[in-house]
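In: Make a model of this:
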Amino acid sequence: MGSSSCSAAPFPHPTPRPKGACRADYAPRLIRHSRPLTSLPRAQKCGIDGEDAKGYKEKYGATADGQGGVNFTFITKYNTTGGNGTNVGTRLFLLESPDKYKMFQLLNKEFTFTVDGSALPCGLNGAVYFVEMDADGGKSKYPTNTAGAAYGTGYCDAQCPHDIKWIAGQANLINWNPSPSDPNGGAGKFGTCCAELDIWEANSISTQMTVHACETAGYHPCDDIECGDNPNHRFDGVCDKNGCDANPYRQGLHDFFGPGPSFTLDATKPMQVVTQFITDDGTDTGNLVEMRRFYVQDSKYIYPPNPSYTPPGKNYTAISDEMCQVQMTNFSDRFDVFTKKGGIGGMGAAMKRGMALVLSLWDDHDVGMIWLDANDPDPKDWPTPGVPPPGALRGTCNQTSGNYTFVEKYHSDAYVIYSDVRYGEIGSTTGPGAPPPPPACPGGTKDKCIALCDPTDPAKYVACVQNCDQNCPHLDEARRKYMPI
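Out: Residues are numbered from 1 along each chain as shown. Below is the predicted model:
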């Protein structure tokens, strides 16, 4: 699937990157200043060095096995020639060539990888996701960016992060405030927004897939309200920060994913994660209407069951506009924001343009990852004391187990392993014995599908109509919205 190189760093440096090097996205530890920086024009006075495989292992806890796998260790303390320090977490990007990120176009395709997250406790997040970065890291768009993808510039996501120190070819120095909890972090005036597709966010307790579309296309530097900053403007920015998620525990499937053999998916073992991106017309140029998921573990194919809120005769095992509407209404989430920012169709448009792959391991200094594996909102904020509102239960972790001070002190040796990344035609990535593609929608819409059912055999006709109802309802609205009738 192209090059296995990776890169991530926010500052340019004129010295060529060592051959084969790729570095973690916590570049502040390597920043070099010739003098204090107080204005954007002085951005050229900052620099960042490349890193080799030895440095990745010693400084950033990232090692490759040479066979398609990469291991991230949560915290690395290093004392090497040229410096010493502590690295917390890792974020790497996949390169297609020395100066370009691999841009995936996955409509009508499937994406597969194997993950071992058995060593990730509450509060940690091993993530595999796509973001709509510029393929060259913004090097051609912003003349003052002389580094590009080789050094990991151009990061963005749907949270419009302000902690990126190099944005649109400028140093993000205006109103820079150091983080009170992270000596290497902080936040500046500007943020960077783009569509984000979280294929996998997980630890050994909970897992989640989330769609975050944006009103804007591609890499978008933001300022003020369009960044959607908390607490007052979260839903006013250009991106859908909450998104539409599929978290089995939140959906009421409390025995589906977790540590041990009592769960359908045993998080103490490696598992293959397969995601299929279904278009309305079954072509690579069609409009995204559904994201389907299944798993392979111990040579068994495992499909997610229907969420507990699913009405009779419906199938909401995949993410679609209809599934999101039903779930977000049930959970009192902001479906209006989801649709305004683009919904499933907006994510499909970003995928059609191309998105870069990100692999990461991180902890949450803001809320301790409660949105993934604990209770969100916090029980103290529940309308009825002791009674969780629909969608509040995200996992079995307690509210403080993910606190960054706790996980960084007691789980510094946590790790995650990603391997065997594949993509291709639907049904092609799981090797011999792969299941056939999920049931199609004959005719392309529910009405046309039902018109093809044979009414002469009542039993078969009823079964046929039920099949159309389960596999096609989302396609009618999608075609009215995106295709001429």
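
In: What segments of the stretch 301-450 of the chain are strands?
Out: For the stretch 301-450 of the chain, the strands defined by DSSP state E, counting those that start in this stretch cover 355-363, 415-425.

In: Give the pairing partners of the last one; include direction for each.
Out: Strand pairing for strand 415-425, using DSSP bridges, gives strand 69-73 (antiparallel), strand 109-116 (antiparallel).

In: what angle separates it from strand 355-363?
Out: Using axes from the mean of the first three to the mean of the last three CA atoms, to 10 degrees, the direction of strand 415-425 lies 160 degrees away from that of strand 355-363.

In: Centre of the chain to strand 415-425, how far?
Out: Put simply, strand 415-425 sits 14 Å off its chain's centre (CA atoms, centre = their mean, to the nearest Å).

In: In this protein, where is pLDDT below threshold?
Out: Low-confidence segments of the chain (pLDDT under 70): 1-46, 48-49, 82, 431-444, 473-485.

In: List the beta-bridge partners for the residue positioned nearest the centre of it.
Out: Taking CA atoms, centre = their mean, the centroid of the chain lies closest to Asp198, which sits 2.1 Å from it. Judged by DSSP bridges, the bridge partners of Asp198 are Tyr129, Thr210.

In: Thought Asp240 was touching it, still the case?
Out: No - using CB atoms under 8 Å, Asp198 makes no contact with Asp240, being 11.9 Å away. Every residue, glycine included, has its C-beta placed from N, CA and C.

In: Please enumerate the shared neighbours of these two.
Out: Counting by CB atoms under 8 Å, 6 or more residues apart in numbering, the residues touching both Asp198 and Asp240 are 211-212.

In: number of nearby residues for Ser179?
Out: When neighbours are defined as other CB atoms under 10 Å, Ser179 has 12 of them.

In: how far out from the middle of the chain is stretch 257-274?
Out: Using CA atoms, centre = their mean, the offset of stretch 257-274 from its chain centre is 20 Å.

In: Show the backbone phi and psi for the spatially closest residue to Glu110 that is not a sequence neighbour.
Out: Spatially, and ignoring its direct neighbours in sequence, Glu110 is nearest to Gln276 (4.4 Å; CB to CB, 6 or more residues apart in numbering). In terms of degrees, to the nearest 10, the main-chain angles of Gln276 are phi -110, psi 140.

In: and the strands of the stretch 301-450 of the chain, which is most packed in?
Out: Of all these, strand 355-363 has the most neighbours on average by mean count of other CB atoms under 10 Å, namely a mean of 24.

In: and that strand, what does it pack onto?
Out: On a contact count with 3 or more CB pairs under 8 Å, 6 or more residues apart in numbering; DSSP states H and E, strand 355-363 meets strand 69-73, strand 90-97, strand 103-104, strand 124-131, helix 404-410, strand 415-425.

In: Take those and lay them out in TSV including distance to Ser262.
Out: Formatted as TSV, these follow (distance: least, CB to CB, whole Å):
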stretch	distance to Ser262
strand 69-73	27
strand 90-97	31
strand 103-104	35
strand 124-131	22
helix 404-410	25
strand 415-425	22
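
In: and among those, the most buried is which?
Out: By mean count of other CB under 10 Å, the helices and strands packed on strand 355-363 have strand 124-131 as the most buried, with a mean of 24.

In: Show me what secondary structure element comes after that one.
Out: Sequence-wise, the next helix or strand downstream of strand 124-131 (DSSP states H and E) is strand 166-167.

In: Partner strands of that following strand, with direction?
Out: By DSSP bridges, strand 166-167 pairs with strand 170-171 (antiparallel).

In: Please state the offset of the strand it pairs with from the chain centre?
Out: Averaged C-alpha coordinates place strand 170-171 at 26 Å from its chain's average position (CA atoms, centre = their mean).

In: and what of stretch 92-101?
Out: 18 Å.

In: Distance across that stretch, terminal residue to terminal residue?
Out: 11 Å (CA to CA, to the nearest Å).

In: If you tally nearby residues, what's the number for Tyr301?
Out: 14.

In: Tell me the bridge partners for it.
Out: Val296.

In: now the residue lying farthest from the centre of the chain, what's its secondary structure?
Out: Most distant from the centre of the chain: Thr456, at 48.0 Å, with distances by CA atoms, centre = their mean. Of the three states, Thr456 takes coil under DSSP: H, G, I helix; E, B strand; the rest coil.

In: What segments of the stretch 301-450 of the chain are helices?
Out: Secondary structure of the stretch 301-450 of the chain (DSSP state H, counting those that start in this stretch): helices at 321-330, 335-340, 343-353, 370-373, 404-410, 446-451.
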